[in-house]
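Engineer: coordinates only, no sequence provided:
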């Protein structure tokens, strides 16, 4: 018989359902991949632990690594080390001001921004599972370091020139916060690399004499590009806007 009553389990489920950053079945490796690819210093998420009912792991990004902390729920309180908290929100609020000790080396970690379980980036969890299954033959619930980085996209777009306002097809790749474009797909050196941390907006544009266009606004220039279809343009805009939202959260 479980030491947790039905009422206690129901209360727990109700509270977890209200959390936008509880990733119920996320593995340790997948949590690290998500936080390192798309999070920022201080990004955190909660996931279930394999230690049993009422056991969780708080995964937090600390610069270029991810630290994992055990959190236990017992008798309607959350236990972390020698501390007890009546709710997860109290726990987070406490450590937003009181840093966690992340390692024997004395790394201090402040909880800054939750990593939501639902993100606008399309199929992020499916990417984890598909790449794992194809490349390693392991179960789809795990992730290996060799899996491709999440939050990437590539494809041909037509771009307007800076001086001569003609339109040329270019191969675009998006990785982390860098948007590169090449003369052709087989070229190794990009024509230019755009740093999205300097980009202020990405949106549909209707000022050009072309359809399916959108623009990226930078301090020195606004870039105009067009996709073959409206669906493709919308996909580019959604993932680019999602990237910008992650950058702003990290500031």
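Structural biologist: Everything's here; your move. Quick caveat, the model's predicted, so the values are computed rather than measured.
Engineer: make it CA atoms for all contacts and neighbour counts henceforth
Structural biologist: Fine.
Engineer: contact partners for residue 180?
Structural biologist: By CA atoms under 8 Å, 6 or more residues apart in numbering, the contact set of residue 180 is 172-174, 190-194.
Engineer: helix/strand/coil for it?
Structural biologist: For residue 180, the assignment made with DSSP: H, G, I helix; E, B strand; the rest coil gives strand.
Engineer: so how many other residues sit close to the spatially closest residue to it that is not a sequence neighbour?
Structural biologist: Closest residue to residue 180 apart from its sequence neighbours, by CA to CA, 6 or more residues apart in numbering: residue 193 at 4.4 Å. Residue 193 sits with 15 neighbouring residues when counted by other CA atoms under 10 Å.
Engineer: ok, the contacts of residue 180 vs residue 83, which is closest?
Structural biologist: residue 174 (42.9 Å; CA to CA).
Engineer: hmm, back to that, can I assume the residue nearest to residue 180 is in contact with residue 179?
Structural biologist: Yes - between residue 193 and residue 179 there is a contact at 5.8 Å, judged by CA atoms under 8 Å.
Engineer: the residue nearest to residue 180: helix or strand, and which one exactly?
Structural biologist: Using DSSP states H and E, residue 193 maps to strand 192-195.
Engineer: now that strand: average pLDDT?
Structural biologist: When pLDDT is averaged along strand 192-195, the result is 96.
Engineer: which strands and helices sit next to whichever helix or strand comes after it?
Structural biologist: Note on strand 192-195: by DSSP H and E, the next helix or strand toward the C-terminus is strand 201-204. When contacts are defined as 3 or more CA pairs under 8 Å, 6 or more residues apart in numbering; DSSP states H and E, strand 201-204 packs onto strand 213-217, helix 230-249.
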